[in-house]
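S.K.: Got a sequence here, can you build the structure:
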Amino acid sequence: MAKLLERLKDATRSGVYRTTKAHAVLEALEGSTIDLARIAANGRALFEPIAQALHFPHWFGHNWDALEDCLTDLAWRERAGHVLLFEDFPQGDELGVLIDVLRSSAQYWASRKRPFFAVFVDPDRRLALPDLYRER
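M.R.: Numbering: from 1, shown residues only. Sure thing, here's the model as predicted:
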């Protein structure tokens, strides 16, 4: 798990990834200075689970622009970096937009030399995302 933690601390590798199991990410981050937010966002309630997991401010507008604004701020979650672990997520166009917003946010944080990872738990490897790490 030490190699995975080193990867998650590397701002140059910030981005959107997939993994088949959540436990490796959870184990790697245990006791670290990286902020972990576990998110189960599916169906029509996409914005609310993200807002709750990340403790968004009351002014969060529950739309795509507001989501990106909050993800590129996170001042209320001062940590060395951020990992958003999506254990459940929407399908279709909504997922595509979410991934785009997450990629943009990862680029923002990488340019500021702070790690930001969005990791989707995808046991069947259906998402067209790179693997976070090589699983055995």
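
S.K.: From here on, just use CA atoms for contacts and neighbour counts.
M.R.: Will do.

S.K.: contacting residues around Ile50?
M.R.: Ile39, Ala40, Ala41 (Cα atoms under 8 Å, 6 or more residues apart in numbering).

S.K.: try 7 Å this time
M.R.: Ile39, Ala41 (Cα atoms under 7 Å, 6 or more residues apart in numbering).

S.K.: so it sits in a helix?
M.R.: Yes. Per DSSP: H, G, I helix; E, B strand; the rest coil, Ile50 lies within a helix segment.

S.K.: buried ones in the lengthiest helix in the chain?
M.R.: Ranked by residue count under DSSP state H, the longest helix found in the chain is helix 93-111. For helix 93-111, the neighbour count (16 or more other Cα atoms under 10 Å) marks Leu98, Ile99, Val101, Leu102, Arg103, Ser104, Ser105, Ala106, Gln107, Tyr108, Trp109, Ala110 as buried.

S.K.: could you dump it to CSV, C-alpha only?
M.R.: Extracted in CSV, the C-alpha atoms of helix 93-111 (Å, rounded to 0.1, in the frame of the first residue of the first chain):
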residue,chain,number,x,y,z
ASP,A,93,-24.5,11.7,-19.9
GLU,A,94,-24.5,12.8,-16.3
LEU,A,95,-21.5,10.6,-15.6
GLY,A,96,-19.7,12.1,-18.6
VAL,A,97,-20.2,15.6,-17.3
LEU,A,98,-19.2,14.6,-13.8
ILE,A,99,-15.9,13.1,-15.1
ASP,A,100,-15.2,16.3,-17.1
VAL,A,101,-15.7,18.4,-14.0
LEU,A,102,-13.5,16.1,-12.0
ARG,A,103,-10.8,16.2,-14.6
SER,A,104,-10.9,20.0,-14.8
SER,A,105,-10.6,20.1,-11.0
ALA,A,106,-7.7,17.7,-11.0
GLN,A,107,-5.9,19.9,-13.5
TYR,A,108,-6.5,22.9,-11.4
TRP,A,109,-5.1,21.3,-8.2
ALA,A,110,-2.1,19.8,-10.1
SER,A,111,-1.2,23.2,-11.4
